[in-house]
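> Need coordinates for the below:
(one chain, ligands or ions: 1)
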Amino acid sequence: MKKNTVQRIGIMGGTFDPIHYGHLMIAENAREQFNLEKVLFLPTGHSPHKQEQYVTDSLHRCRMVSLAIADNPVFSLNKMEVESQETSYTYVTMQKLKEAYTNAELFFILGADSLFDFELWRKPEEILKSCRILAACRKHRQEEGFFRQIAYLNEKYQDRFFPLDTPNLEVSSQDIRRRLQYGRTIRYLVPETVESYIRKHHLYEGEEAEVETNGNREETEKGTG
Ligand code: ATP
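Residues are numbered from 1 along each chain as shown. The predicted model follows:
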């Protein structure tokens, strides 16, 4: 039988500050449920969503992603956004990926918080021309609202949104940063290799750290996120 040559590619976009098991878990479940042949982990460059917030240098964020995905041959790191000097708008990134992968169906993977914000993103209709959206709920208590939001968006944007069936892991990068600042454990929240990297480079300890803020590198007090 002739193999279908259309590739199905997942895009797991995120700040990954740091990457954690919530990210890896939803990407893996998306791969399984939507028969994705690969999943690209795409750390944000200069994100319009987190302009008010300190973001760790992209070099560290990319290295942590590489360590976290090293044992999964289907996962790879894509540095398109971090290598760009411009603000990273998802609609632009998705257009570029569509051009790069001409014979592919793209699936953008996100969590419920991003699903609720989706219409605030720049040019949502343009994003949906390039990809479909696979969304994971983050909290059990929000499930009803989550499915309502999917139904609302599907009615408005012609069925481009699909719920992922995943466990709800209430882990977040912000919680991990806070734990590190207060000297609390992050074991079982991130892969061991990522924890070792964080410890080795003294990330998120609340000390002076080199960060990117709104596109500019500067020495400043590291916030809690
Ligand atoms: P922060 O706590 O700093 O806001 P985060 O943990 O939400 O960060 P991001 O890198 O901003 O991590 O997230 C990238 C994507 O992964 C987003 O769409 C987010 O909703 C999703 N995501 C993050 N954590 C989870 C989780 N535990 N379960 C499901 N989706 C998640």
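
> contacting residues around stretch 91-102?
For stretch 91-102, contacts defined as C-beta atoms under 8 Å, 6 or more residues apart in numbering pick out 7, 9, 11, 13, 40, 42, 80-81, 86, 104, 106, 108, 121-124, 126-127, 130-131. (Each C-beta comes from the backbone N, C-alpha and C, glycine too.)

> where along this structure do the strands fall?
Applying DSSP state E to the chain gives strands spanning 7-14, 38-43, 55-56, 75-77, 104-111, 131-136, 161-163, 208-213, 216-221.

> who does the shortest one touch, helix- and strand-wise?
With contacts defined as 3 or more C-beta pairs under 8 Å, 6 or more residues apart in numbering; DSSP states H and E, strand 55-56 has these neighbours: strand 208-213.

> which stretches of the chain have low pLDDT?
In the prediction, the chain carries residues with pLDDT under 70 at positions 1-4, 47-52, 207-225.

> Could you list the contact residues of it toward the ligand?
Contact residues, the chain versus the ligand (C-beta under 6 Å from any ligand atom): 14-17, 22-23, 26, 110-111, 113-114, 136, 138, 169, 171-174, 225.

> can you do 8 Å?
Residues of the chain lying near the ligand by C-beta under 8 Å from any ligand atom: 12-17, 19-23, 25-26, 44, 49-50, 53, 109-115, 136-138, 166, 168-177, 225.

> In helices only, show me those.
Residues of the residues of the chain next to the ligand located in helices (DSSP state H): 21-23, 25-26, 112-115, 173-177.

> any idea which of those is closest to residue 76?
For these, the residue nearest residue 76 by C-beta to C-beta is residue 23; the value is 14.0 Å.

> contacting residues around the nearest residue to that closest one once chain neighbours are set aside?
Leaving aside its sequence neighbours, residue 23 sits nearest to residue 14 (C-beta to C-beta, 6 or more residues apart in numbering; 5.9 Å). For residue 14, the contact set (C-beta under 8 Å, 6+ apart) comprises 23, 41-44.

> cutoff 7 Å now
Counting by C-beta atoms under 7 Å, 6 or more residues apart in numbering, residue 14 touches 23, 43-44.

> same question, residue 107
Contact analysis of residue 107 by C-beta under 7 Å, 6+ apart lists 8, 10-11, 30, 34, 36, 131-132, 134.

> With neighbour count added, can I get the residues you listed in a markdown table?
Listed next are the contacts of residue 107 as a markdown table, based on neighbours: other C-beta atoms under 10 Å:
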| residue | neighbour count |
| --- | --- |
| 8 | 16 |
| 10 | 25 |
| 11 | 26 |
| 30 | 26 |
| 34 | 16 |
| 36 | 23 |
| 131 | 22 |
| 132 | 15 |
| 134 | 26 |
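
> Now render the ones in helices among the residues of the chain next to the ligand as JSON lines, adding neighbour count and distance to residue 193.
Putting those into JSON lines (neighbours: other C-beta atoms under 10 Å; distance: C-beta to C-beta, whole Å) gives the following:
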{"residue": "21", "neighbour count": "16", "distance to residue 193": "12"}
{"residue": "22", "neighbour count": "24", "distance to residue 193": "17"}
{"residue": "23", "neighbour count": "25", "distance to residue 193": "14"}
{"residue": "25", "neighbour count": "17", "distance to residue 193": "16"}
{"residue": "26", "neighbour count": "26", "distance to residue 193": "19"}
{"residue": "112", "neighbour count": "20", "distance to residue 193": "28"}
{"residue": "113", "neighbour count": "12", "distance to residue 193": "26"}
{"residue": "114", "neighbour count": "19", "distance to residue 193": "26"}
{"residue": "115", "neighbour count": "22", "distance to residue 193": "30"}
{"residue": "173", "neighbour count": "22", "distance to residue 193": "17"}
{"residue": "174", "neighbour count": "12", "distance to residue 193": "21"}
{"residue": "175", "neighbour count": "16", "distance to residue 193": "19"}
{"residue": "176", "neighbour count": "24", "distance to residue 193": "15"}
{"residue": "177", "neighbour count": "24", "distance to residue 193": "18"}
